[in-house]
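# what shape does this take:
(one chain, ligands or ions: 1)
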Amino acid sequence: MKAVGVFALIISFSVAAESKIYTRCKLAKIFAKAGLDNYGGFNLGNWLCMAYYESRYNTTAETILKDGSIDYGIFQINSFTWCRNAKKRQKNHCHVACSALITDDLTDAILCAKKIVKETQGMNYWQGWKKNCENKDMSEWKRGCEVS
Ligand SMILES: *[C@@H]1O[C@H](CO)[C@@H](O)[C@H](O)[C@H]1NC(C)=O
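Numbers count the residues shown, from 1 in each chain. Below is the predicted model:
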């Protein structure tokens with residue numbers, strides 16, 4: 001029994017180390033620093049709202065879709081068009097490995113999200129944003145965070 005308990009503990013530690021849930025304000029700071037506020041005409045609130053409804057701020061979120069492609073990371077970026085995973089020949093518009101989109105370092109995910117906003121003309125790519133954020137007051141999302 002004891003060995004099982006220790007084993008479970010090790011597992012839970014390794015999971016905790018791999019999966020990171022950012023807090024809203026920590027993300028607000030990272031997003032602001034990366035120049036996302038008003039990028040493509042979308043203020044910080046839109047970015048925070050979008051990431052929340054796409055991934056619940058889980059950097060390792062992965063969703064397998066019906067067509068076999070996978071949505072990766074905090075912005076749920078899809079492997080069919082935007083990143084490269086080992087399985088199929090894909091478009092890889094962001095010139096990035098999909099695995100780089102599920103790390104705690106959000107640099108690659110943010111670069112790719114910027115590219116999506118530019119190339120698809122806005123945030124319509126993200127269903128979570130369309131359903132929950134579009135045309136709504138986004139000022140609450142950065143409330144209480146130390147960003148301007
Ligand atoms: C984050 O996403 C990963 C991959 O989908 C999942 O295994 C993990 O449980 C999630 N973490 C939380 C706290 O929801």
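# now do the same contact list for the closest residue to the ligand within the chain.
With C-beta to the nearest ligand atom as the measure, Asn58 is the residue of the chain nearest to the ligand, at 3.7 Å. Where you see a C-beta, it was placed from the backbone N, CA and C, and this is true even at glycine. Applying C-beta atoms under 8 Å, 6 or more residues apart in numbering to Asn58 gives the contacts Ser19, Lys20, Ile21, Ile74.
# torsion angles phi and psi at it?
Main-chain torsions, Asn58, degrees, to the nearest 10: phi -90, psi 110.
# show me what from this structure comes close to the ligand.
Residues of the chain lying close to the ligand by C-beta under 6 Å from any ligand atom are Ser19, Ile21, Asn58, Thr60, Ala61, Glu62.
# run the last query once more with 8 Å
Residues of the chain lying near the ligand by C-beta under 8 Å from any ligand atom: Val15, Ser19, Ile21, Ser55, Arg56, Asn58, Thr59, Thr60, Ala61, Glu62, Thr63.
# and the residues you listed, which two are furthest apart?
Greatest spatial distance among those (C-beta to C-beta): Val15 and Thr63, at 17.9 Å.
# mind listing what's buried in stretch 110-119?
Buried positions in stretch 110-119, judged by neighbour count with 16 or more other C-beta atoms under 10 Å: Ile110, Leu111, Cys112, Ala113, Lys114, Lys115, Ile116, Val117.
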